[in-house]
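**Q** Here's a sequence, model it:
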Amino acid sequence: MNMSVNPSPDTLSLGGFPLLRTTATELAQQLQRALETGETHTLFFANTNFIVKCQPMKEAMNEQRTLIVNDGIGVDIATWLVHRRKFPQNLNGTDFTPQYLHSVRGKARVFLFGGKPGIAQRAADTLKKDFDVEVVGTCDGYEQGRDPEKVITAINAAEANIVLVAMGNPMQEQWILDNRQHTTATVFIGVGALLDFLAGDKPRAPRLVQSLRLEWLYRLCLEPTRLMRRYTIDIAVFLALCLRAGKQQPTRVPVQD
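**A** Take a look at the predicted model:
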């Protein structure tokens with residue numbers, strides 16, 4: 001078994017997680033190289049909910065090929081409070097992932113896992129129609145997704161090289177960390193509500209609201225019962241975690257091939 005540690009990339013530590021300072025273009029290029037080399041890479045989008053809910057997975061995520069990027073104004077504010085630095089660009093899975101898949105069309109064989117019954121298939125139809133993406137398989141996150149071995153078998157049988165997992169934090173991150181090594185896929189991305197948006201089950205905020213970075217408020221207005229705690233109590237927890245962890249950089253664990 002070959003174990004190696006690559007030079008540390010440009011990261012800012014937030015709540016114990018190393019957030020990559022990058023742009024959408026650079027990130028897409030890095031994931032494209034992963035497809036070409038066959039080196040397994042995982043991408044997570046760190047919003048405030050991720051920082052709070054994924055704390056038990058910090059050590060497992062501090063590995064060179066697990067990429068964590070900044071998502072949302074809350075993360076930007078906390079990063080400025082801790083580091084007095086900014087990220088070059090706000091990154092979120094809802095915008096980045098379809099554009100990335102379009103950029104590697106012809107090379108990507110995509111598997112969609114998660115969402116209510118029917119959501120993944122409708123999302124697949126949108127990806128095919130609007131982004132020219134080849135989706136080779138789908139599996140919902142309910143009855144079909146209860147048996148990880150069956151999902152892994154389906155991914156491998158479809159010869160997928162990119163897997164999108166949409167189960168929300170922290171379930172999607174835990175599923176990827178627990179199961180990625182059992183598949184033949186190369187790129188894994190935790191995409192949250194992306195499949196719901198692609199399927200038309202949930203609406204995106206209007207462009208103006210997105211440009212003002214108030215999409216969180218739009219979603220809160222649509223789903224107050226589900227999201228109220230996330231944007232009140234959990235925000236306080238998030239800020240406390242970030243301030244307590246401060247600038248301390250987590251130790252990268254070796255990459256195992």
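
**Q** Please count neighbours and contacts with C-alpha atoms only from this point.
**A** Fine.

**Q** Quick one: the helices in the stretch 51-200 of the chain, in order.
**A** 58-61, 73-83, 93-103, 119-131, 148-157, 171-179, 194-199 (DSSP state H, counting those that start in this stretch).

**Q** Make JSON lines from those helices and add distance to A245 to it.
**A** Below are the helices of the stretch 51-200 of the chain laid out as JSON lines (distance: least, CA to CA, whole Å):
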{"stretch": "helix 58-61", "distance to A245": "12"}
{"stretch": "helix 73-83", "distance to A245": "9"}
{"stretch": "helix 93-103", "distance to A245": "25"}
{"stretch": "helix 119-131", "distance to A245": "37"}
{"stretch": "helix 148-157", "distance to A245": "34"}
{"stretch": "helix 171-179", "distance to A245": "21"}
{"stretch": "helix 194-199", "distance to A245": "30"}
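
**Q** Out of these, which is closest to G141?
**A** Distance to G141, taken as CA to CA, is lowest for helix 119-131 among the helices of the stretch 51-200 of the chain, at 9.0 Å.

**Q** Quick one: work out the angle between the closest one and helix 93-103.
**A** 60 degrees (axes from the mean of the first three to the mean of the last three CA atoms, to 10 degrees).

**Q** and helix 119-131, what does it pack onto?
**A** Contacting helix 119-131 under the criterion 3 or more CA pairs under 8 Å, 6 or more residues apart in numbering; DSSP states H and E are the following elements: helix 93-103, strand 110-114, strand 135-139, helix 194-199.

**Q** try 7 Å this time
**A** The helices and strands touching helix 119-131, judged by 3 or more CA pairs under 7 Å, 6 or more residues apart in numbering; DSSP states H and E, are strand 110-114, strand 135-139, helix 194-199.
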